[in-house]
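K.L.:
mind looking at a prediction? Sequence and model below.
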Amino acid sequence: AQTVTQSQPEMSVQEAETVTLSCTYDTSENNYYLFWYKQPPSRQMILVIRQEAYKQQNATENRFSVNFQKAAKSFSLKISDSQLGDTAMYFCAFMFGGFKTIFGAGTRLFVKA
Amino acid sequence: DSGVTQTPKHLITATGQRVTLRCSPRSGDLSVYWYQQSLDQGLQFLIQYYNGEERAKGNILERFSAQQFPDLHSELNLSSLELGDSALYFCASSVGLDAYNEQFFGPGTRLTVL
């Protein structure tokens, strides 16, 4: 069975600092996709970044980057120059078998001024 | 605004009842996904449709069913409701069948079962 684990229920970071959210997954699949979603207090789900498992190069989207370690089944999210608007719940997600998606329990991130 | 609309925003009903949640995808998107977010179970993928056909199924209960209509809007039907069905139900849409396509989420329907 596929599982996604986010071991940090809550984290905080000072504005302008860097923070890393961890995510590990377990699967026997070879082809899959990994995503990080952000859910701010408005509850709207927003895609932050995505990674195809067959690509070794780590994905980057502006201040957001991932450290994808396929052998270790690890997919951490790094947020640089944290902003107050980054305060949100962050979900790691694993998509396999076409479109089936498993989500982690989430990490609540607080960015402090 | 993602371009995905969901109605109603809030729904309060009683156990044993049946409700229908509606989703209109972004213009041009052919894929629709349904998700449930509850305190107990977290975020769960329920089901996906592409151009009217069911393509993937997740942890969707037998009491739940969905369909996508020719105009591409989708409905999620929940019947014999239980207290545990109280949750935020999201619909998302994407342009095609590539799993890597970005999914755009609607604002959700908050269902409360009393």
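P.N.:
Now that the structure is in, tell me what you want to look at.
K.L.:
for residue 79, which non-adjacent residue is closest in space?
P.N.:
Picked chain A for this. Excluding the flanking residues, the one nearest A:Ile79 by CB to CB, 6 or more residues apart in numbering or on different chains is A:Val19, at 5.2 Å. Yep, even glycine has a C-beta here, placed from its N, CA and C like the rest.
K.L.:
can you look at chain B instead?
P.N.:
Leaving aside its sequence neighbours, B:Ser79 sits nearest to B:Arg18 (CB to CB, 6+ apart; 4.2 Å).
K.L.:
tell me who's in contact with that neighbour.
P.N.:
Residues near B:Arg18 by CB atoms under 8 Å, 6 or more residues apart in numbering or on different chains: B:Asn77, B:Leu78, B:Ser79, B:Ser80, B:Leu81.
K.L.:
ok, A:Val4 next?
P.N.:
A:Val4 neighbours (CB under 8 Å, 6+ apart): A:Cys23, A:Thr24, A:Tyr25, A:Cys92, A:Ala93, A:Phe94, A:Ile102, A:Phe103, A:Gly104.
K.L.:
make a PyMOL selection of the buried ones in those.
P.N.:
Listed next is the PyMOL selection for buried residues among the contacts of A:Val4, using 16 or more other CB atoms under 10 Å in any protein chain shown:
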select buried, chain A and resi 23+24+25+92+93+94+102+103+104
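K.L.:
which ones among the contacts of A:Val4 also lie next to chain B?
P.N.:
Residues of the contacts of A:Val4 in contact with chain B (CB under 8 Å from any CB of the partner chain): A:Ala93, A:Ile102, A:Phe103, A:Gly104.
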